[in-house]
Each structure stands twice: as structure tokens, then as C-alpha cells.
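[1] quick one, fold the following:
(4 chains)
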Number of protein chains: 4
Amino acid sequence: MAGISLSRARVMIRKTLERGKELGLNPLSVVVLDAGGNIIAFERQDGASPGRFQIAHGKAYGAVMLGMPGSAQMARAEAQAYFIAAANGAFGGQLIPVPGGVLVKDSKGRVLGALGVTGDSSDNDAAAAKAGVEAAGLVAEV
Amino acid sequence: MAGISLSRARVMIRKTLERGKELGLNPLSVVVLDAGGNIIAFERQDGASPGRFQIAHGKAYGAVMLGMPGSAQMARAEAQAYFIAAANGAFGGQLIPVPGGVLVKDSKGRVLGALGVTGDSSDNDAAAAKAGVEAAGLVAEV
Amino acid sequence: MAGISLSRARVMIRKTLERGKELGLNPLSVVVLDAGGNIIAFERQDGASPGRFQIAHGKAYGAVMLGMPGSAQMARAEAQAYFIAAANGAFGGQLIPVPGGVLVKDSKGRVLGALGVTGDSSDNDAAAAKAGVEAAGLVAEV
Amino acid sequence: MAGISLSRARVMIRKTLERGKELGLNPLSVVVLDAGGNIIAFERQDGASPGRFQIAHGKAYGAVMLGMPGSAQMARAEAQAYFIAAANGAFGGQLIPVPGGVLVKDSKGRVLGALGVTGDSSDNDAAAAKAGVEAAGLVAEV
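    Numbering: from 1, shown residues only, chains lettered A, B, ... in the order given. The predicted structure follows:
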């Protein structure tokens, strides 16, 4: 099965962190999930607050489970807050519906998993995530 | 009580999926619950995101447990969001209060269960669900 | 991605139910999960008790998440009960560590998902599951 | 407090995985927690089952939160199973009380965090973890 290998997950994380540094962002935390929503790899940079795993995970988990990146979840939450609140309940409170949860796709558009980034503004998180995904030769739906 | 047999549940699911195809909808996921809110059958079409069981289930579960189809729950959520949020708490976060959760009734108006459909817009989900219920010779309260 | 298609999931469920009938078993319930532990399809036969989804799901979910079929989980539970109890806690109480949770593999030994069967004795559940998996041209680790 | 930096966490993970390879172990999953029980880094090797994060995390989390490595928790579970079960309840079911949960200490004996390893036998997991901690110039209480 052509999923995300650990070595590719490492590339995505390192490149996300590098981009964060280039952009002068706060310390970032990055998680990579597979197509089933299970965790492949995670890193939290020195100086990030201790609960960043849960935030990064929630961004990526919602993206892959709903098939919607964080920006689309945020738009839905702004239009229909109770729907996103209810979806969150159905997933045990594990969704974080804002940018920084990015779908990872192959060149044919198949979802391979998701990247979740947190630490700076949601839009900056998403920009760093996009750079990380693309550096691994994959496609980011932000 | 003459509830929903497995063979009738299969008919409802298949016909819902067929209608989805006729209407050109995204891949759908469909669950059938009995009058007690328990699961009889579920199918997720190829290409649907992995978390679609939770969404389909939440739509159908809220419909049967509250005796209100998704459209009525949505109207209540728009009018009184905290009520639906509170109801959701009482049911362990399992409700998804939008169209696509359809009550299944017999010709005398007795509730036999519910169908939950997700994958496209909520209104399209509900339209496919209605077709599935009616194809099984039952009545849909959408 | 060469996962379990819905049509193959249907074959596994039908063949499991047919084998149950041939063996004179009680009404069965059968779930098919993908390689990430997410639900593809489920059916509960007429006459089965209402909570059978949770049991079937727990058997299959533990198998795929731990990479151990129900028989191996049961052996571990008999040797070291507190380990399996603890693992169950780590998965939110969702594991049912007895036979009837069967890994579904391709001919190269890759795990594609799991089948969970409940309704009769655990060993009979597992026998029916094995028949269902093999009827779909796949390999069952029971 | 000079805690575990991300770069040191990476060294521990890499060296744990290298030792696993040298010993011919199954694919491993490794988590590093800080002194507050929060996640710094995690990696799951290709071929490991999808639920390995939960197991690795439970081993490390119990070690750091109770100040007892997995071997000591296991001894307590064998002597007084209900105590470990009760402790697990108090921590939301997140403890996995077997070897492979290793306390990470500095040369003065201060606990800096924990390493959790899963994938092979508990004793092999612990041996790989010990190698990983020591390769980072720290002390492992196994």
C-alpha cells in the first residue's frame, strides 16, 4: 500500500519546521497522520507550550476523518457553528476546525493522510504545513 | 413489532446509493438504525472519507432518539442552539442535527427506525435518503 | 490504494452469514474495518440482540489496531489480564479480545483490515469469519 | 530545568529504532514525553500496526506520571491488580503497565521524562528503549 512512509513523514515535519524558521514563526508542533487517521510521527519544538500535541492532532484528525482541510472546516463552523460542534462530539471532541490541518494527497488526488501544524497564527501554521507537504513531493489541500 | 428487517435495510441502503449516483453526488455513507437507535446495517462507498460512519450515525441516531428528523433538529438549532447542544451532551455527543437524518415510518405513521446519510450537501443527502426509504415501501419523514 | 472495496466487504459479510447458516449458528452480526480501523460495512441479522454492533466492532477494532487477531488477544488476556485491560483503556474501551476478530490480509501478508463477527460461540464466530474472508479471495488470520 | 530538547528526543528515537534493527525486532513505535507527561516526539516504523501510538504513549505516560518504570508497574500489577486498575481509572485509562515504559533521568537522578516503546515483546521493547536513552547521554530506569 502506497501510504506515507516514516521517512517521508520525517521530511514533511523537518521542512515544515524549516519554513517556520524562515518565516520567523513561533515554535511549531507538527503531526503526520495516515489515511486512517492514525499517528505516524510528531515533533514539538523547544519553547512550544506542552499541550501542542492535542492541537496539532485535532487539526490533522478532523481533516482526514471528514475529508476537509481546516480552512473548509472553519468556513463551515462560521456558517453553521452547531454542525461543527456536533461533528466534534461524534469524534470524541478530537477536532480542531481551523487552518493548519492540511490534507496530504498524491499526484492523482488520493488522500494519503494529513499534516497538523500549530504554534503561530492558523494561517501561518497552514503556510508552513503546505511547504512541508510539497517538499516531500506531495500535494497539500490547505 | 414488525421492525426493519435486514433485507429491507439492504434495500434502503442500495436504493439510497443508486439515487446518489443518479444525482451525481459525492460518495455516500448510509446507516440504518432500528426503533431503539441500534445499528442494523451500514455501508461506506469507495472514496468517502474514513470518518463517515460517525456522521451518518449521528444523523440517524438523533432522528430516532428525539423523534425529529434532521431538518427539524436543524431548525431548532438555528432557533435555540444551546438546546441542541445540551441534548447532544445528554446523548454523549452522538447527535448530528442536520438534514440527512430521516425517520423511517410505516403506513400508519409508526416510527420503525431511521436512515442516516452523509457525503454530499445535507439537502442532497436527505433527498437520497428519502428515495431509499420509499424504495423499500416505507415512509420517510425528512 | 488497494484497500478493501465496498463490494468486497459485501462479499465477506454475505459469505460469513451464509457459513453461519450452514453451521446452524445463531443470528450473526458482521463488521468490516479498513486498515486504519474505520468502518466500511456492517450487517446485523434478524433476531440478533441490539448491541451486537459494539461487540463485532470491538473484535475487529482490536485486531487491526494491535495487529493481533482475537485468538492472540485472548491468549494474552489469559496470561496477563491487566495488560489487555490496560490496552483497552488506551483505546477508549473499544476492544473485545476474543476469537471472532480476524485480520484480513492480501496474498503478500499485508493487513488490509479486519472482520469482526459475533452472535454464537467465539470459536464459531471465528470459523464463519474465516469462511467469509476466504470467499473474497483474501487471507484470514484468525 | 534543563529538560529533554527536541534534538535529544530525536536521538533517543533514532537510537531506539537502530537497536531494534540490530536485535532483529519487529517494527517499533517510540514516544518521548517530558517531565510533565506531555508529548515531545513520536515515530511509528513502517509495518507497525496503526494503534501503536496509544500503546507507546501509555507505557511512557504511566512511567512519568507515577514515577515508576514499566517493570515496577508490572510487578505491582501482578501483586495487586486492582491497584493498577484503579490508578489507570484515575488517569483516564491511559496507562500501559508493562516493560517498555522507561524513565529518563539525568546524571543526578532527576526525572526528565520518559520513553515508551512498543512492537516486540515487552522485554525487547525495554532493551531497545534503554539503548536509545543511553545513546543520548542520559540514564534509563527500565
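[2] isn't A:Pro50 up against D:Gly36?
    Yes - at 5.6 Å, A:Pro50 counts as touching D:Gly36 under the criterion of C-beta atoms under 8 Å. Every C-beta, even on glycine, is put in place using the N, C-alpha and C of the backbone.
[3] out of these two, which sits in the busier spot?
    A:Pro50 (16 against 11; other C-beta atoms under 10 Å in any protein chain shown).
[4] residues contacting the closest residue to A:Asp34 other than its chain neighbours?
    Leaving aside its chain neighbours, A:Asp34 sits nearest to A:Gly113 (4.6 Å; criterion: C-beta to C-beta, 6 or more residues apart in numbering or on different chains). A:Gly113 is in contact with A:3-4, A:32-35, A:40, A:60, A:64, A:104, counting by C-beta atoms under 8 Å, 6 or more residues apart in numbering or on different chains.
[5] what sits against the residue nearest to the spatial centre of chain A?
    Central residue of chain A (C-alpha atoms, centre = their mean): A:Gly116, 1.9 Å from the mean position. Neighbouring residues of A:Gly116 by C-beta under 8 Å, 6+ apart: A:30-31, A:33, A:55-61, A:63, A:96, A:100-102, A:129.
[6] helices or strands up against the lengthiest helix in chain A?
    What stands out as the longest helix in chain A, according to DSSP state H, is helix A:6-22. In terms of contacts (3 or more C-beta pairs under 8 Å, 6 or more residues apart in numbering or on different chains; DSSP states H and E), helix A:6-22 is packed against strand A:29-34, strand A:39-44, strand A:111-118, helix A:122-135, strand D:39-44.
[7] partners of the second one in the sheet?
    If I follow you right, that is strand A:39-44. strand A:29-34 (antiparallel), strand D:39-44 (antiparallel) (DSSP bridges).
[8] Three-state assignment for the residue of chain A found nearest chain C, please.
    Chain C sits closest to A:Gly36 of chain A, with a gap of 1.1 Å, by C-beta to the nearest C-beta. Assigned by DSSP: H, G, I helix; E, B strand; the rest coil, the conformation of A:Gly36 is coil.
[9] the residue nearest to it when sequence neighbours are not counted: what's it in contact with?
    Leaving aside its chain neighbours, A:Gly36 sits nearest to C:Gly36 (1.1 Å; criterion: C-beta to C-beta, 6+ apart). By C-beta under 8 Å, 6+ apart, C:Gly36 lies in contact with A:34-38, B:50, C:64, D:50.
[10] next, format those as JSON lines and append distance to A:Ala136.
    Shown next, in JSON lines, are the contacts of C:Gly36 (distance: C-beta to C-beta, whole Å):
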{"residue": "A:Asp34", "distance to A:Ala136": "14"}
{"residue": "A:Ala35", "distance to A:Ala136": "15"}
{"residue": "A:Gly36", "distance to A:Ala136": "19"}
{"residue": "A:Gly37", "distance to A:Ala136": "19"}
{"residue": "A:Asn38", "distance to A:Ala136": "18"}
{"residue": "B:Pro50", "distance to A:Ala136": "21"}
{"residue": "C:Val64", "distance to A:Ala136": "26"}
{"residue": "D:Pro50", "distance to A:Ala136": "20"}
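[11] any idea how far the residue nearest to A:Asp34 lies from D:Ala60?
    As judged by C-beta to C-beta, to the nearest Å, A:Gly113 and D:Ala60 stand 23 Å apart.
[12] where does pLDDT dip in chain A?
    Scanning chain A for pLDDT under 70 picks out A:1.
[13] what's across from the nearest residue to A:Ala35 once chain neighbours are set aside in the sheet?
    Nearest residue to A:Ala35, sequence neighbours excluded (C-beta to C-beta, 6+ apart): A:Gly113, at 5.3 Å. Beta bridges link A:Gly113 to A:Asp34, A:Val104 when assigned by DSSP bridges.
[14] what residues does chain A put near chain D?
    A:5-6, A:9-10, A:34, A:36, A:38-46, A:50-51, A:53 (C-beta under 8 Å from any C-beta of the partner chain).
[15] which among those count as buried?
    Buried subset of the residues of chain A next to chain D (neighbour count, 16 or more other C-beta atoms under 10 Å in any protein chain shown): A:6, A:9-10, A:34, A:36, A:38-45, A:50, A:53.
[16] re earlier: how far is the longest helix of chain A from where the chain is centred?
    12 Å (C-alpha atoms, centre = their mean, to the nearest Å).
[17] now do that helix against helix D:6-22, angle only.
    Our comparison of helix A:6-22 with helix D:6-22, counting by axes from the mean of the first three to the mean of the last three C-alpha atoms, to 10 degrees, yields an angle of 170 degrees.
[18] can you count the residues close to A:Ala35?
    What A:Ala35 shows, counting by other C-beta under 10 Å, is a neighbour count of 24.
[19] can you list phi and psi of it for me?
    Backbone torsions for A:Ala35, taken as degrees, to the nearest 10, come to phi -70, psi -10.
[20] gap between it and A:Val104?
    Counting by C-beta to C-beta, the gap from A:Ala35 to A:Val104 is 9 Å.
[21] quick one: residues contacting the closest residue to A:Glu134 other than its chain neighbours.
    If the residues on either side of it in the chain are set aside, A:Glu134 comes closest to A:Ala140, at 6.1 Å by C-beta to C-beta, 6+ apart. The neighbourhood of A:Ala140, defined by C-beta under 8 Å, 6+ apart, consists of A:102-105, A:115, A:129-130, A:133-134.
[22] can I take it that A:Ala140 is in a strand?
    Yes - counting by three-state DSSP, A:Ala140 is part of a strand.
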